[in-house]
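Colleague: quick one: sequence plus predicted model below, questions after.
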Amino acid sequence: MLFRSIHTAFLQYQVLLFRMQDLPPGRQVEFARHFGEVQIHVMNQYHADGYPELYRLSNLDENGNPNGKHPDKGTLAWHTDGSWRRVTGQATIIYAEVVAGEGGETHFCDMYRAYERLSPEWKKRIANLLAVHNLDFSRTRRHGEEPMTEAQRREVPPVDHPIVRTHPDTGRKCLFLGDHAEYIAGMDYDEGRALIDELNALAVHPDLTYEHRWTPGELIVWDNRCLMHRATDYDPAVQRRVVRRCTVLGEIPRQ
Ligand SMILES: [Fe+2]
């Protein structure tokens with residue numbers, strides 16, 4: 001009953017914030033399972049606390065000191081979780097354990113309204129286009145660190161998804177793109193790259209964006225099907241930041 005209310009709010013507001021939560025890892029996975037099947041991330045070096053469903057982003061060494069290394073630069077670009085899979089991410093659920101004093105915020109952008117705000121010409125131009133999403137592209141080639149192994153690469157080959165997606169629960173159309181989108185199916189590679197970059201930039205409007213500054217013990221749940229998000233940078237040599245994340249699988253995107 002309570003979950004039904006949470007799910008209704010999730011569809012209506014797209015981002016939910018729960019403050020002052022004492023949430024052990026097992027409870028986080030349990031909560032996530034209410035939404036659906038929880039993704040086991042292919043990059044198993046991030047698995048946390050013995051739960052392969054959880055993905056820990058931390059810049060701390062074994063003594064709890066900043067190690068100077070950002071754990072995932074891929075999160076700094078606007079993206080939607082799991083768009084590099086045939087079945088893409090539905091909800092992402094992040095719990096903040098340790099929060100940076102400066103930076104390390106999370107930004108969200110409403111992709112329903114980003115779509116609605118496009119000109120009729122743009123809507124027409126992208127109506128039937130498929131973008132090819134590729135984790136190896138966004139992670140390894142663009143951000144350079146923690147490259148994927150050959151086996152991980154084989155496990156997640158590139159997949160195509162419609163750029164204009166109809167949300168399976170609300171029936172509303174939205175843009176589905178972000179940093180994992182590499183090129184456009186059937187289009188010259190560079191032309192497709194340019195179109196993706198242009199559209200990703202065009203989608204983000206200050207008034208469609210929510211910027212969240214974290215406090216420890218906060219839990220945020222968001223809908224990847226109709227939002228893009230990104231993290232802001234922080235100084236990993238000075239600040240401490242530890243969050244644990246899990247992503248619930250959704251469905252194959254439909255036009
Ligand atoms: Fe993400």
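Modeller: Thanks, I have the structure now.
Colleague: for residue 234, list the residues it contacts.
Modeller: 70, 100, 102-104, 241 (CB atoms under 8 Å, 6 or more residues apart in numbering). For the C-beta atoms, the positions are set from N, CA and C on the backbone; glycine is no exception.
Colleague: on the three-state scheme, it is what?
Modeller: Of the three states, residue 234 takes coil according to DSSP: H, G, I helix; E, B strand; the rest coil.
Colleague: quick one: it from residue 209, how far?
Modeller: Distance of residue 234 to residue 209, given as CB to CB, to the nearest Å: 19 Å.
Colleague: again with residue 172
Modeller: Distance from residue 172 to residue 209, by CB to CB: 18 Å.
Colleague: one more: residue 132?
Modeller: 26 Å.
Colleague: more neighbours, these two?
Modeller: The residue with more neighbours, out of residue 132 and residue 209, is residue 132; 21 against 18, by other CB atoms under 10 Å.
Colleague: and the helix or strand harbouring the more buried one, which strands flank it?
Modeller: Using DSSP states H and E, residue 132 falls within strand 130-133. Note on strand 130-133: by DSSP bridges, its sheet partners are strand 159-162 (antiparallel), strand 181-184 (antiparallel).
Colleague: quick one: closest of those strands to residue 16.
Modeller: The minimum distance between residue 16 and the strands paired with strand 130-133 falls on strand 159-162, with 24.7 Å, by CB to CB.
Colleague: contacts for the strand holding residue 132, please.
Modeller: So strand 130-133 is in contact with 83-84, 158-163, 176-177, 180-186, 192, 196, going by CB under 8 Å, 6+ apart.
Colleague: what are the boundaries of the strands in this protein?
Modeller: 15-18, 47-48, 51-58, 89-98, 106-110, 130-133, 159-162, 164-166, 173-175, 181-184, 209-212, 219-223, 227-231, 242-249 (DSSP state E).
Colleague: sketch out the low-pLDDT regions of the stretch 101-250 of the chain for me.
Modeller: 143-146 (pLDDT under 70).
Colleague: between the contacts of residue 234, which is closest to residue 42?
Modeller: Using CB to CB, the contacts of residue 234 come closest to residue 42 at residue 70, 19.8 Å.
Colleague: can you get me a residue count around the nearest residue to the closest one once chain neighbours are set aside?
Modeller: Take residue 70 and drop its neighbours on the chain: the residue closest to it by CB to CB, 6 or more residues apart in numbering is residue 236, 4.7 Å away. Applying other CB under 10 Å, we find 20 other residues in the vicinity of residue 236.
Colleague: isn't residue 236 up against residue 72?
Modeller: No: contact criterion CB atoms under 8 Å: residue 236 and residue 72 do not qualify, at 10.7 Å.
Colleague: ok so, going back, okay, the residue nearest to residue 70 and residue 128: tell me how far apart.
Modeller: From residue 236 to residue 128 the distance is 42 Å (CB to CB).
Colleague: then residue 86?
Modeller: In terms of CB to CB, residue 86 sits 19 Å off from residue 128.
Colleague: the more surrounded of those two?
Modeller: residue 86 (14 against 10).
Colleague: so who does the more buried one touch?
Modeller: Residue 86 touches 159, 252, counting by CB under 8 Å, 6+ apart.
Colleague: pLDDT score for it?
Modeller: At residue 86, the model reports a pLDDT of 97.
Colleague: and what of the one 3 residues further on?
Modeller: What the model reports as pLDDT for residue 89 is 95.
Colleague: hmm, it is touching residue 83, no?
Modeller: Yes: taking CB under 8 Å as the definition, residue 89 is a contact partner of residue 83 at 7.1 Å.
Colleague: overlap in contacts, these two.
Modeller: residue 224.
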